[in-house]
Every structure is written in structure tokens, then in C-alpha cells.
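J.: pasting a predicted model and its sequence here:
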Amino acid sequence: MSAPELSRLVRLDSLGPAPRTVAVEAGEAERSALARRFGFVALCRLCAEVELTRRGEAVSARGTLSAELVQSCVATGEPIAETVEQAFKVEFRRHPAAPADVEIELGEGELDVTFYDGAAIDIGEAVAETLSLAVEPFPRCPGADQALRKAGVKTEEEAGPFGALAGLRDKLK
């Protein structure tokens, strides 16, 4: 497995019970690599302020990321600028001692849990993953609907069951 594009390791022995603030700012090469990974046209800025609090072997990371990026419209391919301001919370926990073929099930309250091995957590990768979840998943430019109609793509209303019934009604006339 290759190293993360935005790695910011924080040693566990450097964290105590008092919160510690860590600033993460992606450099040009890191932003380019993340843009390739996530399929962005460009990642112009990515930074985060993260407060880390350790409780035993668990570390709570709470912060806000800020990014400026460019994605392609899903209909036309035109570039679309996007600004992301996203609060997040991630809990780092040591990998449970379970055989590799055993599936670990997380409850609803544990969806923002990241497991780690060793003596450090990677807050940079957590910021990158948070960014990937925070961006618009299907960016559309103002002319996207028109381009899709021109290409013959039906709207949800036309493609749904009532759209099919309306098509039958028109054939009966």
C-alpha cells in the first residue's frame, strides 16, 4: 500500500489529556496528488485546524477543514469551482485484536472511527478523507440540465413510474 498523499503523523506519546491543536496545510505537490486521487481538476487550497484529545489509547480529533477546488460538471465536463468549509470529528482507535478474516461491525454512533496501528495517528489522511466526503458528489454547471436533455437523458419524473404512465396516456390519444 502506498503512503497517503497528505500524511501528518502525530505521535501518541506527544498527546496528553489536555487538548492539543494541530494545523494541517497541504503543499502544492500534496494538493496535486490529492486532486488526482479524488478526480478533481485542481485542488487550490486545503487546510485544517484540528484539536486532538487523548483518552487512553483513543484519540478524538475535532476540527474544521477549508478547501478551494475545481471539479468537472458531470453533464458537460465544464470546470466548476467549489469552496468547502466542513466541521468534522474523527475518533482514532487501536485496531482490535481480531483475526484478519473476522469482520468488525461498527454501530451507528461509531461511523467516524479510524483504526490505527503503531505509535502514531495520521491526521493528514483523516483531513483528506473528510474532504473527499464533503465535496459535491455530482457537480453540475448551470447548463447541465439542458445538456442532459439534448443528449436524451430523461428527468426523474419522466423516467419514474408516473412518467411511464404519462407516456402510455399520450399513446392512447
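T.: Now that the structure is in, tell me what you want to look at. Residues are numbered from 1 along each chain as shown.
J.: the strands in this protein, which residues?
T.: Listed in chain order, the strands of the chain (DSSP state E) span 9-11, 20-25, 42-55, 58-72, 79-94, 113-116, 120-122.
J.: could you find the closest non-adjacent residue to residue 23?
T.: Once flanking residues are discounted, residue 23 sits nearest to residue 49: 5.8 Å by CB to CB, 6 or more residues apart in numbering. From N, CA and C alone the C-beta is placed, and that goes for glycine too.
J.: now do residue 50
T.: Going by CB to CB, 6+ apart, residue 50 has residue 63 as its nearest residue, at 3.6 Å.
J.: which of the strands of the chain sits most buried?
T.: Mean neighbour count (mean count of other CB atoms under 10 Å) peaks for strand 120-122 among these, with a mean of 21.
J.: what packs against it?
T.: Secondary structure elements in contact with strand 120-122, counted by 3 or more CB pairs under 8 Å, 6 or more residues apart in numbering; DSSP states H and E, are strand 9-11.
J.: how about 10 Å then?
T.: With contacts defined as 3 or more CB pairs under 10 Å, 6 or more residues apart in numbering; DSSP states H and E, strand 120-122 has these neighbours: strand 9-11, strand 58-72, strand 79-94, strand 113-116.
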